[in-house]
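**Student:** Dropping a prediction and its sequence here:
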Amino acid sequence: MGFIGHWHGYGPWIGSNAQYNTEYLRRPTPLDPGWIKTLRAPDPQAFSPFERRSVPPMQTGHHLLRKPPDLASRTWQDPSPAVDWLIRIYQQYPPIQRRDGGAVDCGPAAKASQARTDLGHGTDVVWCYYVPGDRMINFAVVACPSRHLPDIPCPQG
């Protein structure tokens, strides 16, 4: 393990594919209220500051700009409990099954093994897939400090 820091868990976010693909909601830049008014049906989150939006950001490290009230319970000094959290969410919200019965991914054991390796190197881990009801789920464990966005301070201060 070469990373010196800790990890924060974000999510799970569950929503529509359309909302997930609405890039203007997923970027931390301020939105022009005049531009928003020109949209036929802007997402209600467009009127909230980036830090309060629930839709996952485009860059995983931008999660660190958000300070959800339960973040302390999802902050880890060791990657193992973070991976356990990922597995619990995956088991609670399993992926939708393929119509042909084939595997939708490599399975939780392989995903957990890769997540342990990645987190140990300070790489963020994001699990995102479709769940029943034509919805997507996204949840992430984010390294803090971020290797790619080092100027973002820890959300816990």
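**Tutor:** Happy to help now that I have it.
**Student:** buried ones in the lowest-mean-pLDDT helix or strand in the chain?
**Tutor:** Using mean pLDDT, DSSP states H and E, the weakest-scoring helix or strand in the chain turns out to be helix 33-38, at a mean of 76. Residues of helix 33-38 classed as buried: none (neighbour count, 16 or more other Cβ atoms under 10 Å). (C-beta placed from N, C-alpha, C; glycine too.)
**Student:** Likewise for stretch 48-68?
**Tutor:** Counting neighbours by 16+ other Cβ under 10 Å, stretch 48-68 gives 50, 53-57, 59-66, 68 as buried.
**Student:** again with stretch 70-79
**Tutor:** For stretch 70-79, the buried set under the neighbour-count rule, 16+ other Cβ under 10 Å, comprises 74, 75, 76, 79.
**Student:** tell me how far that stretch is from the chain's mean position?
**Tutor:** Centroid separation between stretch 70-79 and its chain, computed with Cα atoms, centre = their mean, to the nearest Å, is 14 Å.
**Student:** Same question for stretch 78-87.
**Tutor:** The gap between the average C-alpha position of stretch 78-87 and the chain average comes to 14 Å, counting by Cα atoms, centre = their mean.
**Student:** picking that back up, beyond the least confident helix or strand of the chain, next helix or strand please.
**Tutor:** strand 75-76 (DSSP states H and E).
**Student:** That next one packs against which elements?
**Tutor:** strand 6-15 (3 or more Cβ pairs under 8 Å, 6 or more residues apart in numbering; DSSP states H and E).
**Student:** in a strand, that's where residue 117 is, yeah?
**Tutor:** No: counting by DSSP: H, G, I helix; E, B strand; the rest coil, residue 117 is located in no strand; its state is helix.
**Student:** can you list the weak-confidence ranges in the protein?
**Tutor:** For the chain, the stretches flagged by pLDDT under 70 are 1, 31.
**Student:** Can I get the buried residues of stretch 70-79 in JSON lines including distance to residue 10?
**Tutor:** JSON lines is the format used below for the buried residues of stretch 70-79 (distance: Cβ to Cβ, whole Å):
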{"residue": "74", "distance to residue 10": "8"}
{"residue": "75", "distance to residue 10": "11"}
{"residue": "76", "distance to residue 10": "13"}
{"residue": "79", "distance to residue 10": "15"}
